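got a sequence here, can you model it:
(one chain, ligands or ions: 3)
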Amino acid sequence: MSISCNFSSENISVEQALEIVLSQTEDFGSEKVDLPNSLGKVVKENIFADRDFPPFNRVSMDGIAIQFSQYNQGNRTFEIEGIQAAGTEQLTLENPKNCLEVMTGAVLPENTDTVIPYELIRVENGEAIIENEEVKFHQNVHFQGLDKKEKDLLIPKNTKISPAEISVLATVGKAQVEVSKTPKVAIISTGDELVEIHQTPKPFQIRRSNVHALSAQLKNWGIEAQNFHVNDNKKLLKESLAKIIQQFDVCIFSGAVSKGKFDFLPEVLEELGVVKYFHRVNQRPGKPFWFGKKGNKTFFAFPGNPVSTFMCCVKYFQPWFFRSCEINLKSETAILKEDYSFKPKLTYFLQVATETINGKVFAQPLAGKGSGDLANLTECNAFLELPAERDHFNKGEIFPIHYYR
Ligand SMILES: Nc1nc2c(c(=O)[nH]1)N[C@H]1C(S)=C(S)[C@@H](COP(=O)(O)OP(=O)(O)OC[C@H]3O[C@@H](n4cnc5c(N)ncnc54)[C@H](O)[C@@H]3O)O[C@H]1N2
Ligand code: MOO
Ligand SMILES: [Mg+2]
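Ligands and ions are numbered 1, 2, ... in the order given. I've put the predicted structure just below:
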């Protein structure tokens, strides 16, 4: 999809902004990585069952294996012929009136079809005596191919790898997996008021928390970003960015995009040849969001207020990255739990705490004290997207929701 750049100085809507961002995805290609390093990445090959699941008739309780017909004929005492342990070749029950002890994970012995757990038998003088009458044909046997058949598709290409996929990849022997390459991402904070997290800020300073919040969000999506800091000095900003831009596919900024005397970022980016696609979106938080491209490099300049940076990363960077990896994030909705009013003609990303009741997701507004109130993020788990054209939202209405945890 190609969308022409929005060079106008008019603010654009959230829908337009997202459409532009999503029209600017990039293909980062794929690479083979060792299985442990594939967590959080997107698999770029179909994963098939290399054998039946389970691969043999698997004993699923420790006990004895018998022929059910013997039990059905009234036999309750079975001489023990031997032990079938897990990890040993299949034994054969020689005499159908006897039994074999079997362990969970072992192959069900030849000539047996039913497993009775130790709890329901008594073992005396080399014999197993069944004490419970309720034995069912085929009980406690996990039959070969019951879950999946050899060559079944287990994980389709373009699935995000979670611990569940790791389990399946491991069991089919994928020591290495083809995954989408992640872009090289730089996260750049700006501002003379910022100090490192291990430093004690002077009364007029704060720690550069946005960079750590962004890094953590990206880490959740399988991206290891590098972070930088530049002070509010135009010349320095331009020199530093000229170098950083060369080395990265994506630059995510926090701060210096609003109307302040030291908000140099938009002009510096343009001076460095980055094409502005939009600046300012009709939204709160995050109104001064600036987005641009230079060739196949992508620039997300998020407003510095911590909740703005955070929300913009969830709402714009996240779907951009997943679309680049050919994954469509599913859109989710939630039910507003109480009436809420927001007057400005802006899309409002209301901070909410969700609760699921009878399968329905309810969103409790916990708006916080504005986009500087980062502590409020810990009280909530999502942003509820309230449309710009309305100013009152009723309890019970359904709106799009964006989770961050
Ligand atoms: N006259 C106007 N002033 C402001 C407007 C406006 O439209 N007209 N927009 C406001 C809005 S909305 C936002 S959001 C901010 C965005 O400002 P900037 O992107 O220029 O960011 P800064 O000025 O650099 O910082 C804003 C705020 O955020 C704090 N900050 C910045 N970086 C970090 C960081 N890494 N970790 C923690 N906190 C950070 C910074 O200290 C400031 O308090 O502008 C409004 N002003
Ligand atoms: O976008 Mo600003 O975040 O409204 O404070
Ligand atoms: Mg500013």
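
can you give me the helices for the chain?
Listed in chain order, the helices of the chain (DSSP state H) span residues 14-22, 68-72, 163-171, 209-220, 234-247, 265-271, 306-312, 318-324.

ok, the closest residue to residue 210 other than its chain neighbours to ligand 2 distance?
In space, and not counting its chain neighbours, residue 210 is closest to residue 254: 4.0 Å by CB to CB, 6 or more residues apart in numbering. Just so you know, the C-beta spots here come from the backbone N, C-alpha and C atoms, and that holds for glycine as well. As judged by CB to the nearest ligand atom, to the nearest Å, residue 254 and ligand 2 stand 11 Å apart.

bridged to residue 254, which residues?
Each beta-bridge partner of residue 254 is listed here: residue 189, residue 302, as defined by DSSP bridges.

how about it, what does it touch?
The neighbourhood of residue 254, defined by CB atoms under 8 Å, 6 or more residues apart in numbering, consists of 187, 188, 189, 190, 210, 211, 214, 302, 303, 304, 309.

for ligand 2, state which of those residues is nearest.
Among those, residue 303 lies closest to ligand 2 (CB to the nearest ligand atom), at 4.8 Å.

hang on, isn't that closest one packed against residue 257?
Yes. Between residue 303 and residue 257 there is a contact at 5.7 Å, judged by CB atoms under 8 Å.

can you pull the residues that touch both of the two?
288, 289.

where does the closest residue in space to residue 67 that isn't next to it in sequence sit relative to residue 58, distance-wise?
Of all residues not flanking residue 67 in the chain, residue 96 sits nearest, at 4.8 Å (CB to CB, 6+ apart). In this view, residue 96 and residue 58 are 22 Å apart by CB to CB, to the nearest Å.

kindly report the same for residue 283.
55 Å.

and the helices of the chain: which comes nearest ligand 3?
Among these, the nearest to ligand 3 by CB to the ion is helix 265-271 (9.1 Å).

and residue 127, what does it touch?
Contacts for residue 127 (CB under 8 Å, 6+ apart) come out as 77, 78, 79, 80.

quick check: bridge partners of it?
The bridge-partner assignment for residue 127, based on DSSP bridges, gives residue 79, residue 124.

residue 403 now?
Judged by DSSP bridges, the bridge partners of residue 403 are residue 382.

any idea of the pLDDT on it?
At residue 403, the model reports a pLDDT of 97.

tell me which residue in the stretch 301-405 of the chain sits closest to ligand 3.
Proximity of the stretch 301-405 of the chain to ligand 3 (CB to the ion) peaks at residue 304, 6.0 Å away.

residue 68 against residue 130, yeah?
No. Between residue 68 and residue 130 no contact is recorded; they are 11.7 Å apart, counting by CB under 8 Å.

quick one, which of these two is more surrounded?
When residue 68 is set against residue 130 and neighbours are counted by other CB atoms under 10 Å, the residue ahead is residue 130, at 19 against 16.

skipping adjacent residues, who's closest to the more buried one in space?
residue 76 (4.7 Å).

again, but for residue 310
Once its chain neighbours are removed from consideration, residue 310 has its nearest residue in residue 213; the separation is 5.6 Å (CB to CB, 6+ apart).

who's in contact with the one you found?
Here residue 213 is in contact with 306, 309, 310, 313, 374 (CB under 8 Å, 6+ apart).

top of those residues by neighbour count?
residue 309 (30 neighbours).

right, and that residue touches residue 211 too?
No. When contacts are counted by CB under 8 Å, residue 309 is not listed as touching residue 211 (9.1 Å).

and the residue of the stretch 151-300 of the chain found nearest ligand 2, how many neighbours?
Scanning the stretch 151-300 of the chain for proximity to ligand 2 using CB to the nearest ligand atom identifies residue 285 as nearest, at 3.0 Å. Here the number of neighbours of residue 285 (other CB under 10 Å) works out to 26.

now residue 19
14.

and if you look at residue 134?
As a burial measure, the neighbour count of residue 134 was computed by other CB under 10 Å and equals 8.

quick check: chain neighbours aside, which residue is closest to residue 276?
Sequence neighbours aside, residue 292 is the residue nearest to residue 276 in space, at 4.8 Å (criterion: CB to CB, 6+ apart).

tell me the contacts of that neighbour?
269, 270, 274, 275, 276, 277, 299, 301.

repeat that for 10 Å
5, 24, 251, 266, 269-270, 272-279, 298-301 (CB atoms under 10 Å, 6 or more residues apart in numbering).

cool, residue 367 as well?
Under the criterion of CB under 10 Å, 6+ apart, the contact list for residue 367 reads 340, 342, 348, 350, 351, 352, 373, 376, 380.

now do the shared contacts for residue 68 and residue 130.
Here residue 68 and residue 130 have residue 116 as joint contacts, going by CB under 10 Å, 6+ apart.

run a quick neighbour tally on the residue in the stretch 101-250 of the chain positioned nearest to ligand 3.
Here the stretch 101-250 of the chain gets closest to ligand 3 at one residue, residue 191, 8.2 Å apart by CB to the ion. A total of 21 residues lie near residue 191 under the criterion other CB under 10 Å.

give me the nearest residue to it, chain neighbours excluded.
residue 255 (5.1 Å).

for ligand 1, see how far away that neighbour is.
Here residue 255 is placed at a distance of 3 Å from ligand 1 (CB to the nearest ligand atom).

same question, residue 117
For residue 117, the distance to ligand 1 - CB to the nearest ligand atom - is 59 Å.

wait, isn't that residue in contact with residue 62?
Yes. Residue 117 is within contact range of residue 62, at 6.6 Å (criterion: CB atoms under 10 Å).

shared neighbours of those two, anything?
Going by CB under 10 Å, 6+ apart, residues that sit against residue 117 and also against residue 62 are 104, 140.

out of the helices of the chain, indicate the one that is most buried.
Highest mean neighbour count among the helices of the chain (mean count of other CB atoms under 10 Å): helix 306-312, with a mean of 26.

for it, list the C-alpha coordinates in PDB.
Taking Å, rounded to 0.1, in the frame of the first residue of the first chain, the C-alpha atoms of helix 306-312 are listed here in PDB:
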ATOM      1  CA  PRO A 306       6.000   9.500  30.000                       C
ATOM      2  CA  VAL A 307       2.500   8.400  29.400                       C
ATOM      3  CA  SER A 308       2.500   9.900  25.900                       C
ATOM      4  CA  THR A 309       5.700   8.000  25.000                       C
ATOM      5  CA  PHE A 310       4.400   4.800  26.500                       C
ATOM      6  CA  MET A 311       1.000   5.000  24.800                       C
ATOM      7  CA  CYS A 312       2.300   6.000  21.400                       C
END
